[in-house]
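Chemist: sequence? don't have it. structure:
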């Protein structure tokens, strides 16, 4: 139960509803026992002297009391069950907020399907514990206390005999509960695998169809589904022992009451109404006892799910504002410095960047080149703190990025990543994603700079055209330009383009760069590209090799150096000449 203790704050938040639910439950259970008392008195009144008014009185009272108990039962669900739904909402909201703040490192190490499983199945299992499990647990306890009090008032000795089989319940529940907990954890793990498989197939459906892998994917999914089914069947088999066992033990109590109670009637120490009332009390305990087994299942499932959720809630944010954050900073000018920066993605992994020292004056353009895997993207990811450097420091306007509020830092940086990502929404909403509200003029202006406006105007509904998932209805070049327009729409002081023109033809690229040179005056630009034509007009070009700055200078200076940059330049020049010949 220790994992469920983390729900304490939610219980406190809704304590009023839960307490009222308990009050309603006390009244409902007390009235249910009072019906038994009325039935007992009615049966004992069945003598030759009984009259119609007496029978009408008892019948009317039983109907009235049962009706009032039903009203209280309605209020129980309106408080406890409603509170459980509200707590579910809060848990899901807190989970979503926590997920949003986790660093990129977490998402690289955990599959999307696994996270989706937490957000659906696990939270639902916790909600089931918070609602029905809590309600029936309290109901069982209150009903047990009130009913036992009634039984003791009738016959303490008969009560003692009737509860003798009940300790076996504890042993049964304890043994089976442990097995249920373990089995449900395995079920949730397999469900995560199943969700991951489905999510990857939906996202990569074009690859699946291109390589004619439908049959294999169906076979793999069927295998995972069978595994999920088998684990569920394993748990159901265990659960199937619980209810019959509880019912059997409870039936033993009924046999004891009939036997011992019958003897007491023979000896005239109890009358028939007392025994009937006693049996009704046992019957009144039947549902709570059976519900106890059901509750055990829900508690164990909730415990297993909360344990999985707690692992995520325990994940540190790593990158967040802290006591050293200078909240007075609300805007940036754009001067960037790297001082002895080294970086690696994990403790046991090699360094991607080593002792990088670099200064980018505000309002200038820096180009970064190098072969694949040399750390270009890793370098620019340190600026908006998508990662923090392992050693050294990154400064903006002379201030360590770790002390700049994340809101300020990232709203002043427009980043266009290598992989273009667009939401299944309208083009306008995608371009204005970084704005607090849609600004149509800003959307159109950004599209023009990105040379995307003419494409949009050719679409059926222009900027209100809804794109398919991940912008599947657009070409690669259109997606890159849409992402560039999105970055420009926030009016950034620092613009970072990470190989953002790879799918754009050279003529369109020249038009975009021409527009950007005008737009980015007095702003800082960083361009990563494999094309010399993209970077040759930059104020400064650096070439990364083995995680270090191997070369730096202007285009002409690097050509004269006859190093990596010059080698790339002449190769691309030769490729262009061959293309022209063809």
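Modeler: That came through fine. Just so you know, these numbers come straight off a predicted model, no measurement behind them.

Chemist: Run through the neighbouring helices and strands of the host helix or strand of residue 32.
Modeler: Residue 32 belongs to helix 15-44 when assigned by DSSP states H and E. The helices and strands touching helix 15-44, judged by 3 or more Cβ pairs under 8 Å, 6 or more residues apart in numbering; DSSP states H and E, are helix 52-76, helix 82-101, helix 134-154, helix 272-313. For the C-beta atoms, the positions are set from N, CA and C on the backbone; glycine is no exception.

Chemist: Mean neighbour count added to those, as TSV?
Modeler: Below are the helices and strands packed on helix 15-44 laid out as TSV (neighbours: other Cβ atoms under 10 Å):
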stretch	mean neighbour count
helix 52-76	14
helix 82-101	16
helix 134-154	19
helix 272-313	20
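
Chemist: quick one: which of those is nearest residue 387?
Modeler: For residue 387, the closest of the helices and strands packed on helix 15-44 is helix 82-101, at 14.7 Å, according to Cβ to Cβ.

Chemist: so after that closest one, what's the next helix or strand?
Modeler: Downstream of helix 82-101, the first helix or strand assigned by DSSP H and E is helix 104-109.

Chemist: Could you tell me which residues within that next one count as buried?
Modeler: 105, 106 (16 or more other Cβ atoms under 10 Å).

Chemist: hmm, back to that, which parts of the helix holding residue 32 are buried?
Modeler: Using 16+ other Cβ under 10 Å as the test for burial, helix 15-44 gives 17-18, 20-22, 24-40, 42-43.

Chemist: With stretch 551-560 instead?
Modeler: Neighbour count says stretch 551-560 has 551, 552, 553, 555, 558, 559 buried, by 16+ other Cβ under 10 Å.

Chemist: again with stretch 501-508
Modeler: Of all the residues in stretch 501-508, those buried under the rule 16+ other Cβ under 10 Å are 501, 502, 504, 508.

Chemist: And for stretch 311-320?
Modeler: Those would be 312, 315, 319, for stretch 311-320 by 16+ other Cβ under 10 Å.

Chemist: got those residues as a markdown table, with distance to residue 74 and pLDDT columns?
Modeler: Below are those laid out as a markdown table (distance: Cβ to Cβ, whole Å; pLDDT from 0 to 100):
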| residue | distance to residue 74 | pLDDT |
| --- | --- | --- |
| 312 | 37 | 78 |
| 315 | 42 | 76 |
| 319 | 49 | 77 |
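
Chemist: Serialize those to CSV and add fields for distance to residue 57.
Modeler: Shown next, in CSV, are the buried residues of stretch 311-320 (distance: Cβ to Cβ, whole Å):
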residue, distance to residue 57
312, 61
315, 65
319, 74
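
Chemist: Go through those residues and name the one nearest residue 404.
Modeler: Using Cβ to Cβ, these come closest to residue 404 at residue 319, 11.7 Å.

Chemist: on that earlier part again, tell me which two of the buried residues of stretch 501-508 sit farthest apart.
Modeler: Across the buried residues of stretch 501-508, no pair lies farther apart than 502 and 508, at 12.1 Å, counting by Cβ to Cβ.

Chemist: tell me the SS of residue 331?
Modeler: Following DSSP: H, G, I helix; E, B strand; the rest coil, residue 331 is assigned to coil.

Chemist: again, but for residue 542
Modeler: Judged by three-state DSSP, the three-state class of residue 542 is strand.

Chemist: measure it to residue 430 for me?
Modeler: Applying Cβ to Cβ, to the nearest Å, the value for residue 542 to residue 430 is 32 Å.

Chemist: picking up where we left off before, can you tell me which of the helices and strands packed on helix 15-44 is nearest to residue 521?
Modeler: Among those, helix 82-101 comes nearest to residue 521, with 34.5 Å by Cβ to Cβ.

Chemist: Packing partners of that closest one?
Modeler: Taking 3+ Cβ pairs under 8 Å, 6+ apart as contact, the helices and strands that helix 82-101 lies on are helix 8-13, helix 15-44, helix 123-128, helix 272-313.

Chemist: can you give me the offset of the third one from its chain's centre?
Modeler: Chain-centre distance of helix 123-128: 13 Å, with Cα atoms, centre = their mean, to the nearest Å.

Chemist: Tell me who's in contact with residue 21.
Modeler: Residues in contact with residue 21 (Cβ atoms under 8 Å, 6 or more residues apart in numbering) are 75, 76, 79, 80, 83, 135, 138.

Chemist: if you set the cut-off to 7 Å instead, what comes out?
Modeler: Residue 21 makes contacts with 76, 79, 80, as judged by Cβ atoms under 7 Å, 6 or more residues apart in numbering.

Chemist: who does whichever helix or strand residue 244 is part of touch, helix- and strand-wise?
Modeler: Assigned by DSSP H and E, residue 244 belongs to helix 214-266. Secondary-structure packing of helix 214-266 (3 or more Cβ pairs under 7 Å, 6 or more residues apart in numbering; DSSP states H and E): helix 156-163, helix 167-203, helix 272-313.

Chemist: Could you give the average pLDDT over it?
Modeler: Helix 214-266 shows a mean pLDDT of 78.
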